[in-house]
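Novice: here is a sequence together with a model predicted from it:
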Amino acid sequence: MKQAKAGPNILMTGAPACGKTTLVEGIAQSLAPIRPEGFVTREVREKGERRGFEMVSFCGKTGILADISIRSGWRVGKYGVDVAAFDAFLEELHFDESPFVIIDEIGKMECLSSLFCMRILDLLDSFPVLLATVALRGTPFIESLKCRDDVEVFCMDSHTRDQVTKHVIQRLRSALD
């Protein structure tokens, strides 16, 4: 477990498939009475093959972020990214109505949206506590988030997942009390 500067906001990082999304979903369930706002990004699979990514909010809204069939000027690898659909999805989320926001994830696809980047900065600069997953190696924007004084960064792997989860829940509970 690696910790950076302490702050009211927590960023989780680690290699792909180390359990970051599973961790934030578990924390969202554990802290459900607080009614977190935000979303998780999940793989969309067809016949065992990953074909894209969907966004699922904690209030039940869904949308497609990227897919191999999307024809877009915005691409990350083989995936076309639907920035307009992502922006519309974000507009329906009310981050200011909860003291606790979860974002899974702050990644290359999501950062193609200037609205998303602006809302992340607004969240970090405002009252709500933010728990987000971020790419292990990211864009300059992502790396700048990891260096903020009001952010605590945890790097996890399959061996430290349980320990990190307990510590993050404790940090969130103390920040939200």
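Specialist: Yep, it's here.
Novice: where does the chain have low pLDDT?
Specialist: 1-7 (pLDDT under 70).
Novice: change it to 50
Specialist: The chain contains residues with pLDDT under 50 at 1-6.
Novice: do you have the strands of it handy? List them.
Specialist: Ranges of strands in the chain, per DSSP state E, are 9-13, 37-46, 49-57, 62-67, 75-76, 79-81, 100-106, 129-134, 151-155.
Novice: so which of these is nearest L31?
Specialist: Closest of the strands of the chain to L31 is strand 100-106, at 6.6 Å (criterion: Cβ to Cβ). (Each C-beta comes from the backbone N, C-alpha and C, glycine too.)
Novice: give me the buried positions along stretch 15-35.
Specialist: Residues of stretch 15-35 classed as buried: C18, G19, K20, T21, L23, V24, E25, I27, A28, L31 (neighbour count, 16 or more other Cβ atoms under 10 Å).
Novice: still on that earlier bit, output the strands of the chain as TSV; include the columns distance to E92.
Specialist: Converted to TSV, the strands of the chain look like this (distance: least, Cβ to Cβ, whole Å):
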stretch	distance to E92
strand 9-13	23
strand 37-46	10
strand 49-57	8
strand 62-67	9
strand 75-76	23
strand 79-81	18
strand 100-106	14
strand 129-134	18
strand 151-155	26
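Novice: redo those strands as JSON lines? Include mean neighbour count and distance to I120.
Specialist: As requested, the strands of the chain are exported to JSON lines (neighbours: other Cβ atoms under 10 Å; distance: least, Cβ to Cβ, whole Å):
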{"stretch": "strand 9-13", "mean neighbour count": "23", "distance to I120": "10"}
{"stretch": "strand 37-46", "mean neighbour count": "17", "distance to I120": "11"}
{"stretch": "strand 49-57", "mean neighbour count": "17", "distance to I120": "14"}
{"stretch": "strand 62-67", "mean neighbour count": "20", "distance to I120": "15"}
{"stretch": "strand 75-76", "mean neighbour count": "15", "distance to I120": "17"}
{"stretch": "strand 79-81", "mean neighbour count": "21", "distance to I120": "17"}
{"stretch": "strand 100-106", "mean neighbour count": "24", "distance to I120": "6"}
{"stretch": "strand 129-134", "mean neighbour count": "24", "distance to I120": "8"}
{"stretch": "strand 151-155", "mean neighbour count": "20", "distance to I120": "11"}
